[in-house]
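Trainee: Provided below for reference: sequence and predicted model.
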Amino acid sequence: MVSDPTLLTIREASTLIAKRKLSPVELTKACIARTEALDASLSTYVAFTPELALEAAEAAEVEIGTSGPRGPMHGIPVGLKDIYDTAGVATTGHSNLLKRRVPTEDAFTVTKLRASGAVITGKLGTFEFAIGGPSFDLFTPPARNPWDPARTTGGSSSGSGAAVAAGMVLGATGSDTGGSIRSPSSLCGLAGIKPTYGLLSRRGILPLSQSLDHAGPMCWTVEDAALMLQAMAGHDPLDPACADVAVPDFTEKLDETVKGKTIGVIRHFHETDHQAAPPVLAAIEQAIAVYKSLGCVIKEVRLPPLMDFAAVGLIIMSSEAFAIHQADLRATPELYGEIARDRISMGGLLTGADYVQALRRRQELCAAVAEAMIGVDVLLTAGSPFPAQAIDKVPKWLMYQKPSITMPFNVTGLPALALCAGYEAGTGLPVAIQLAGHPFAETTVFQLGHAYEQATQWRVTRPALLAA
Amino acid sequence: MSETISTEAFQVLLDRAGISVSPANMEEMRSAYMMLQAMRERVRQPRGYDAEPAHIFAPAGR
Amino acid sequence: MTALHNLTIAEAAPLLKAKKLSPVELTASYLSRIEAFDGQLNAYIRVLPEQAMAAARKAEGEIMKGAYKGPLHGVPIGLKDIYNTKGIPTTGHSALYKDHVPEADATTTRLLAEAGTILLGKLSTWEFAIGGTSFDLPWPPAKNPWNLAHDPAGSSSGSGAAIAAGLAMGSMGTDTGGSIRGPAAWCGISGLKPTYGLVSRRGILPLSFSLDHGGPMCWTSEDCALMMEVLAQHDPLDPGSADVAKPDFAGSVQKDVKGLRIGVVRHFFESDAEIDPEIKAGIEAALVTFRELGCEVMDVTLSPLSAYGDVAALISRSEAFAFHEETLKATPELYGELARQRIMMGAFIRACDYVNALRERGRLIAEIATVFESVDVLICPTMPGVAPKLGDLGNMMSRSRPSFTRVFNLTGSPALSVCSGFSAAGLPLNMQIVGRPFQDDLVLRVGSAFEKATAFRDLRPAQWAQQALAAE
């Protein structure tokens, strides 16, 4: 008997399930109980579907009992950001505009997750259309940070961040157009990966900006993120950007030594271009020390100014988002929350030439990063420049004022993992580092992330809320 | 420092985009736009005419 | 023996290889024709006699030593003056770049030089490949060799005129909305806009990155195939360049077309747009020829022609403006009026319009791919009529007469214009043959089979040359 199965990692839970020491139904019930206890204060779900989850858990239990588990995700409760289409269950983008929208088909990645045997628990809150939040003028309030409910989770995969940190699910899907997986992973103390552009299908996920959108998993550990990514990956010819590449075993290098790996630290990103808060800077230095002790080679890498990436990303994102929302924004602006409406509207003020210039600069930035990465296995910078802010004090135009530290890897499409690198003294809020790798080299990114987690103790600490 | 834009000129841009904003929001949007202006300038690098890279598209079958 | 300037590349190559034809003699013959006639035609912006003769002597030496490089060795060609040539001004036919001397060759310039071609000179173009037939530029516009009072079309105007007039054996054009195929049509030659990505654009002055194509213009499709043998090479310096295996162009044009399925996009020219009855008659006659050659001919349906024009215009104007905005703001007076006005339209396009145009483009590409599941090539007109009077392009370029060529810049499909006969007034008729991506070899094969089955390649525009001679 496991004392609190919601605090297991996916790896631990799946091992116990395979040995018949943990029942998927028992695990799912524990997650449901956790959700019922905490969701009123954390506002994690847009639509919680415990009956459907129990049904799936029971089916998993029967199947595992007769023919064994399909794989490590079989019987594992996971939540979906409410921009992932679910057949028969409303998918709203957390917006009044789509409040009653019920898709007839699952998103490609949701189909994949179901096929892996994962137990879908419901639809998690998000910044409206993955861009507007935290907002208090939507049909449900914004998710709150389990480490301190007065704080934001970061966004836009806000409910996903909160639910995993609070042990309501063992993993959740997120999406990332400028940092929407990595920001909440950083602020909620998780491991979240934005994989290489084109690795995961985006079909059936509400788009924000087609050339920057990425799907990805958010979990408690790097290993879990690798396991969940495995279940989501696969070529989808109907997403024109989805790359037809062989999907590797994302866990294959996890136990290999990282000795001799080269880590390129992009100091100017977090020290000058967007100066990180002292606890984040300290965590980065500590992480560098850990990697040194593991035998990694540390070198400093210079990239173009962070603001160049941010400007390119913001112009492309705003242009594409406005193209998607133009008709609805004009016809029914009142159905948008203020933050989403204002942010998306800015895209209407840009010209075709602005967009084209941003595309041209994007190519140059990609080339510059590719060159800087020669001889480097992963890049290292902050996952977020700061720990979670007060939920009612998140600046609406932050991306305009300070360059985003996550956007460079949306612009370049490189795989980027945010992972917990400690806790701010006093507040106990998580701080995070970010590791970015070569295109389709997720295995190496996971390997270095996992090695760091194994060498540190950060995964032992859970939000104090859970002890109550 | 990014260039400023008059309220009138900004209103023209809003009209062209088909966006209506409340008077209260107008000033906020206008100051945000000035920050966006700086970014528009930033992506415009001086380039010769044979500067690559250009952006492209991929025909089916590639 | 055929006069030297009437030889095709395919005819000249074996003679050159067998040392029966001297590259020096051939080049000298072309240079003297240019000297005699180009004052009337304005096909060239800049002729390079010394350099050409030096290259010809070098080629002759190589061939004499047995170091024959292939069918382009010793062949005199011209380049549209937006192809960079190291140390030689590359002007875009514009005052803005009057003194622009590139430090490196365009990739295609280099490939053609390495294949042993002889560069005769730089050819006229519409200013920056967009300006139209203009009279306010440092150089006059090219004229149509079939009738000097008529327009050669553009933007590869000099490239089309030079081939038709026998002032080069092969030339390079570029095509963003029809700029290879339009002049090929009105000048009665063969011009291929290859599949997007098959020919490098590195070092070619861009107009609209995602629609720009470089390609060959020759008297026959077979000659275009010989040029493509050299031009179709992956170039890592052009991010749009595709890394695909080179098809066997030269072999393909020797094969017959029996059993090929030809789809006629009939609604393009019967309901979507009006065309000259003579053009239509030319196409109908061509379809009879194809049936006789054993092809299966059927009608197919694409989106209406008007669906393509606006999408292409939004994309090309946005990209052209992005490219020119800095100089257009700083020195507008250095642009001709037509280029300035056309490029400035891009300033009014919103980002969302551009993005939506890209999305619509995706839909149109998917649609044509479906049509190509049941046919091997498509046929439709290249231009709705024959060449009008010089500069009289107003109607031809307007939205009321949508373009048949832009369609395939949007889809990236290989598209070839061939001569399908002559009008009562003696001007060339035209037809466009379009294929699946990277099946340029098949498109050329169909064009070549048609040319060989008909007698249209036997008629040269001798008329203007006689006028020119008389004027001397």
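Mentor: Yes, it's here. Numbering: from 1, shown residues only, chains lettered A, B, ... in the order given.
Trainee: Residue of the stretch 251-400 of chain A nearest chain C, please.
Mentor: A:G352 (3.0 Å; Cβ to the nearest Cβ). All C-beta atoms are positioned from the backbone trio N, CA, C, and that covers glycine.
Trainee: got the contact list for the residue lying closest to that residue once chain neighbours are set aside?
Mentor: Excluding its sequence neighbours, the residue lying closest to A:G352 (Cβ to Cβ, 6 or more residues apart in numbering or on different chains) is C:S318, at 3.0 Å. Each residue near C:S318 by Cβ atoms under 8 Å, 6 or more residues apart in numbering or on different chains is listed here: A:T351, A:G352, A:A353, A:Y355, A:V356, C:G346, C:I349, C:D353, C:Y354, C:A357.
Trainee: returning to what we had before: quick one: the residue of the stretch 251-400 of chain A closest to chain C and A:V312, what's the gap?
Mentor: The spacing between A:G352 and A:V312, counted by Cβ to Cβ, to the nearest Å, is 16 Å.
Trainee: Helix or strand for the residue in chain A sticking out farthest from the centre, just tell me which one.
Mentor: Here chain A reaches farthest from its C-alpha mean at A:T66, the gap being 34.4 Å by Cα atoms, centre = their mean. If you go by DSSP states H and E, A:T66 is part of helix A:50-67.
Trainee: Which strands or helices does the helix or strand following that helix pack on?
Mentor: Counting by DSSP H and E, the element after helix A:50-67 in chain order, helix or strand, is strand A:77-81. The contact analysis (3 or more Cβ pairs under 8 Å, 6 or more residues apart in numbering or on different chains; DSSP states H and E) places strand A:77-81 against helix A:24-42, strand A:119-124, helix A:158-165, strand A:171-176.
Trainee: quick one on the thing from earlier: from C:R342, how far out is the residue of the stretch 251-400 of chain A closest to chain C?
Mentor: In terms of Cβ to Cβ, A:G352 sits 15 Å off from C:R342.
Trainee: Those two: who's more crowded?
Mentor: Neighbour count, other Cβ atoms under 10 Å in any protein chain shown: between A:G352 and C:R342, A:G352 has more, with 26 against 22.
Trainee: Which of the contacts of C:S318 sits closest to chain B?
Mentor: In terms of Cβ to the nearest Cβ, no member of these lies closer to chain B than A:V356, at 7.1 Å.
Trainee: Can you tell me the SS state at A:G192?
Mentor: strand (DSSP: H, G, I helix; E, B strand; the rest coil).
Trainee: Contact partners for it?
Mentor: By Cβ under 8 Å, 6+ apart, the neighbours of A:G192 are A:157, A:161, A:174, A:181-182, A:184-186, A:216-219, A:225, A:417-419.
Trainee: Sort out for me which of the residues you listed are in helices.
Mentor: Among the contacts of A:G192, the members found in helices (DSSP state H) are A:G161, A:R182, A:P184, A:S185, A:S186, A:A225.
Trainee: okay but the last one is in contact with A:M232, surely?
Mentor: What it means is A:A225. No. Between A:A225 and A:M232 no contact is recorded; they are 10.4 Å apart, counting by Cβ atoms under 8 Å.
Trainee: roughly how far apart are A:Q210 and A:E320?
Mentor: A:Q210 sits 6 Å away from A:E320, going by Cβ to Cβ.
Trainee: So which of the two has more stuff around it?
Mentor: More crowded of A:Q210 and A:E320, by other Cβ under 10 Å: A:E320, with 26 against 20.
Trainee: model confidence over the helix holding A:T66, on average?
Mentor: Helix A:50-67 shows a mean pLDDT of 98.
Trainee: Just list what it packs against, helices and strands only.
Mentor: The contact analysis (3+ Cβ pairs under 8 Å, 6+ apart) places helix A:50-67 against helix A:24-42, strand A:119-124.
Trainee: buried sites along the longest one?
Mentor: So that's helix A:24-42. Neighbour counts using 16 or more other Cβ atoms under 10 Å in any protein chain shown place A:24-32, A:34-35, A:38-39, A:42 of helix A:24-42 among the buried residues.
Trainee: who are the neighbours of it, in terms of helices and strands?
Mentor: Applying 3+ Cβ pairs under 8 Å, 6+ apart, one finds that helix A:24-42 makes contact with helix A:10-18, strand A:45-48, helix A:50-67, strand A:77-81, strand A:119-124, helix A:158-165.
Trainee: looking at these, which is buried most?
Mentor: When you average the neighbours per residue for each of the helices and strands packed on helix A:24-42 (mean count of other Cβ atoms under 10 Å in any protein chain shown), helix A:158-165 leads with a mean of 34.
Trainee: That one vs strand A:171-176, what angle?
Mentor: Helix A:158-165 runs at 150 degrees relative to strand A:171-176, counting by axes from the mean of the first three to the mean of the last three Cα atoms, to 10 degrees.
Trainee: Could you check which residue of chain B lies nearest chain A?
Mentor: For chain B and chain A, the shortest gap (Cβ to the nearest Cβ) falls at B:A17, measuring 2.8 Å.
Trainee: Go ahead and confirm A:I131 touches A:S345.
Mentor: No. Contact criterion Cβ under 8 Å: A:I131 and A:S345 do not qualify, at 11.0 Å.
Trainee: Counting by contacts, list what whichever helix in chain B runs longest packs against.
Mentor: Secondary structure of chain B per DSSP H: the longest helix is helix B:23-42. Contacts defined by 3+ Cβ pairs under 8 Å, 6+ apart place helix B:23-42 against helix A:306-331, helix A:338-346, helix A:352-372, helix A:398-401, helix B:7-17.
Trainee: Just put those helices in a markdown table and tack on mean pLDDT.
Mentor: A markdown table is the format used below for those (pLDDT from 0 to 100):
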| stretch | mean pLDDT |
| --- | --- |
| helix A:306-331 | 96 |
| helix A:338-346 | 96 |
| helix A:352-372 | 93 |
| helix A:398-401 | 94 |
| helix B:7-17 | 92 |
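Trainee: Dump these into a markdown table; add distance to B:E28 as well.
Mentor: Formatted as a markdown table, the helices and strands packed on helix B:23-42 follow (distance: least, Cβ to Cβ, whole Å):
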| stretch | distance to B:E28 |
| --- | --- |
| helix A:306-331 | 16 |
| helix A:338-346 | 7 |
| helix A:352-372 | 21 |
| helix A:398-401 | 11 |
| helix B:7-17 | 11 |
